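Trainee: Build me a structure from this.
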Amino acid sequence: MRDHRYGGELHLHDDGVPPMTSRWNNPTGGFAYHLQALSRRGTLWAPCVREIARFLSAWAPPEDTILLVGASGGHCLDLSFLSRFTRVVAVDFDPFAPWVFRWRARHLLREGRTQLTWDARDHLSPGRDGFDLAPLRALLDAHPGAAVLFCNILGQLPLLGEDRAPEQDDDAPPAGSYERWLLGLPEALSGRSWASFHDRLSGPVRPRDIDSATPVPWGSSEELVRRHYPPTDDPGLALLDHRTSALCRDAPRVQLVWELSPGLHHLLEAISFRAT
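Mentor: Residues are numbered from 1 along each chain as shown. All right, here's what the predicted structure looks like:
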């Protein structure tokens, strides 16, 4: 992963995060995350949850099936959004997620108009040769008529393995790198509706001048730092770059602020496409 000093130079550092070793022990979810989410969804997370609901309402994909990639417990979703679909396929290897998601969606599922199935396989983690789109392509091929929503997962995937070389050129990233995976993602999703909300930057200072109602053009991580954070050389105020800047640079996006925990703020971006 990378960090930024506000207004300063881009640095590389070792996060000290080991690669994922099991479904039970990984840095993208787990039991503690669900407890945190259930306690904060209606309070600290509520403004971001409302903005995500507005973003998804404007997306309105025509498909009647949706793949929720990185569904977790659906904590960032207003699950009434799913009532427009007759079939929901939730994809997440977190062993606690199906129980939490079904409990949160119990009223929707009780109505019987929406069918939920769960795919607990890991389609996203890097393998021996790094990140590879083949497992995700296989998932997409199994659901050719489905829209796809990446549920705040794309900015978490780099935590599953350190693949970025110190001198990597992100405009021409090597095979196996996360940046190469992201550059190939739109082609893999071609012909279907898809959307994503995901982390761009996170840190101890709340980003300023964020208008979630107005789409903005792509900006580099350095541009986002200059635009949305006050200048400082304080090393305690470093920002974590979640390495999602390679995704769909030509597409407009909306920006959101998510206060994950008191004093920890994430700058999210959300993009969407509808099948034509």
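Trainee: Would you mind listing the buried residues in stretch 68-79?
Mentor: 68, 69, 70, 71, 72, 73, 74, 75, 76, 77, 79 (16 or more other Cβ atoms under 10 Å). Every C-beta, even on glycine, is put in place using the N, C-alpha and C of the backbone.
Trainee: Find the pair from those residues with maximum spatial separation.
Mentor: 69 and 79 (16.0 Å; Cβ to Cβ).
Trainee: Assign residue 259 to helix, strand or coil.
Mentor: strand (DSSP: H, G, I helix; E, B strand; the rest coil).
Trainee: Quick check, it in contact with residue 44.
Mentor: Yes. Applying Cβ atoms under 8 Å as the test, residue 259 and residue 44 come out as touching, 5.3 Å apart.
Trainee: Can you give me the end-to-end span of stretch 60-71?
Mentor: 18 Å (Cα to Cα, to the nearest Å).
Trainee: my bad, stretch 98-109
Mentor: 13 Å.
Trainee: if you average pLDDT over it, what comes out?
Mentor: Mean per-residue pLDDT for stretch 98-109: 94.
Trainee: Please give the element, helix or strand, for residue 180.
Mentor: Following DSSP states H and E, one finds residue 180 within helix 178-188.
Trainee: what is the mean pLDDT for that helix?
Mentor: Helix 178-188 comes out at a mean pLDDT of 96.
Trainee: Name the next helix or strand following it along the chain.
Mentor: Trace forward from helix 178-188 with DSSP H and E and the next one is strand 194-203.
Trainee: What average pLDDT does that next one get?
Mentor: 97.
Trainee: and residue 241, how many neighbours?
Mentor: Neighbour count for residue 241, taken as other Cβ atoms under 10 Å: 25.
Trainee: right, and the helix or strand after the lowest-mean-pLDDT helix or strand in the chain?
Mentor: Least confident element among the helices and strands of the chain, by mean pLDDT, DSSP states H and E: strand 10-12 (a mean of 30). Next along the chain after strand 10-12, taking DSSP H and E as the criterion, comes helix 31-40.
Trainee: That'll do, ta.
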